[in-house]
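>>> Quick one, structure for this:
(one chain, ligands or ions: 1)
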Amino acid sequence: MENCWICGDLADSKEHKFKASDLKRFYGKKFDCYYIQESAVQIESYKDRILKFPEIICTKCNVTLTRKHDDAYDIFINYCHQNYDLLLERAELNFENIYGKNWVEQKRNLYRYFAKHAGCKIVTSEYPQDLTDLSEFILGKEKTEKFTLRFELKMIIKLLHTFYNKDREFGHLFNAQTLYYGYYDNLTLAGWLSNNWITTNWVYSKNINPNKKSDFINKTERLKIVDLNYYDKNLLETESYYEMIKYFEFGKLNTLEKRIEHYKEIIE
Ligand SMILES: [Zn+2]
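Just a heads-up that it's a prediction; the model follows:
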């Protein structure tokens, strides 16, 4: 058995690649949906093994210690689901509006939620890194030097949601493959997660520009609006449902080079 990358104890717990509560909220306990990575795989339950990381963290870190982080994420997602028009108009996230007076710590907890996800992705990638910066942040340190987020709103997913949600519960969850660039002792790793129209990009790197580092003093974060003009291919030409979803998620980021540019822009 491996050791938990967060606290060093024995790793006996499997973190979900998608949050179990998101899967249950969207699809119920038994469901019929597709897991899209390189190809689509049909899955039937939120407990499906493909939805989980192998055992790389311990139960304490996966459940007790990170419960506050999970709660901050749930509040964030509910707020984004309920305030689409406001978010579109303002193109920013206001953490005081999301969390109330405790927004500084709650914003940190939200970042810690994504830090756990990113750490699990990095540990299971081809190039595991020393994750001390991330684990200390998750365990309570107030800052992280190597990890940052950027939020986006994808209008096309809202359209899709409105269309399909008429006659059934429709939910969209997407987990982009971990990308890395740079050299062996100075790699940048990055990915994104989408929950309906809200996409959270994460980047782990030694090379984050000081003014792009995670900041828990700023009440607001920019929300990049990915509008319908972003897509240049006729949507009706897409071959299948999962091709369409991939297209909506990646848009113009259809090559490795373009995705690297996308992440570089977040940290440089
Ligand atoms: Zn642990």
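>>> And the biggest strand by length in the chain, what's buried?
Longest strand in the chain, counting residues (DSSP state E): strand 186-195. By neighbour count on 16 or more other C-beta atoms under 10 Å, the buried set for strand 186-195 is 187, 188, 189, 190, 191, 192, 193, 194, 195. Glycine gets a C-beta too; all of them are placed from N, C-alpha and C.
>>> pLDDT at the residue nearest to the last one when sequence neighbours are not counted, what is it?
Spelled out, that is residue 195. Nearest residue to residue 195, sequence neighbours excluded (C-beta to C-beta, 6 or more residues apart in numbering): residue 77, at 5.3 Å. Listed pLDDT for residue 77 reads 95.
>>> so how far is the ion from residue 77?
Going from residue 77 to the ion by C-beta to the ion, to the nearest Å gives 25 Å.
>>> now swap in residue 184 and tell me
Counting by C-beta to the ion - residue 184 and the ion are separated by 27 Å.
>>> which stretches of the stretch 1-150 of the chain have low pLDDT?
1, 26-51 (pLDDT under 70).
>>> Show me which residues of it are close to the ion?
4, 6, 7, 9, 58, 61 (C-beta under 5 Å from the ion).
>>> Mind picking the two most distant members of those residues?
Largest separation among those by C-beta to C-beta: 6 and 9, giving 8.7 Å.
>>> Those two: which is more packed in?
Neighbours were tallied for residue 6 and for residue 9 using other C-beta atoms under 10 Å; the higher tally belongs to residue 6 (27 against 13).
>>> and that one, helix, strand or coil?
Here residue 6 takes the coil state, with states given by DSSP: H, G, I helix; E, B strand; the rest coil.
>>> which residues sit in contact with it?
Applying C-beta atoms under 8 Å, 6 or more residues apart in numbering, one finds that residue 6 lies in contact with 57, 58, 61, 65, 116, 119, 135, 138, 139.
>>> In strands, which of those fall?
residue 57.
>>> What is the longest strand of the chain packed up against?
helix 103-123, strand 173-175, strand 179-183, strand 198-204, helix 256-267 (3 or more C-beta pairs under 8 Å, 6 or more residues apart in numbering; DSSP states H and E).
>>> Give me the sheet partners of the second one and which way each runs.
So that's strand 173-175. In the sheet containing strand 173-175, its partner strands are strand 186-195 (antiparallel), by DSSP bridges.
>>> With the third one instead?
The sheet places strand 179-183 alongside strand 186-195 (antiparallel), with pairing taken from DSSP bridges.
>>> contact partners of the strand it pairs with?
Residues contacting strand 186-195 (C-beta under 8 Å, 6+ apart): 18, 22, 77, 80, 114, 117-118, 121-122, 125, 127, 129, 154, 157, 172-182, 199-207, 249, 263, 266-267.
>>> Go ahead and confirm residue 171 touches residue 25.
Yes - the pair residue 171 / residue 25 is scored as a contact, 7.1 Å apart, by C-beta atoms under 8 Å.
>>> what about residue 105, how many neighbours?
Count around residue 105 with other C-beta under 10 Å applied: 13.
>>> if I look at it, how far off is residue 71?
Distance from residue 105 to residue 71, counting by C-beta to C-beta, to the nearest Å: 12 Å.
>>> How about residue 114: what's its closest non-neighbour residue?
residue 202 (5.3 Å).
>>> Thank you, goodbye.
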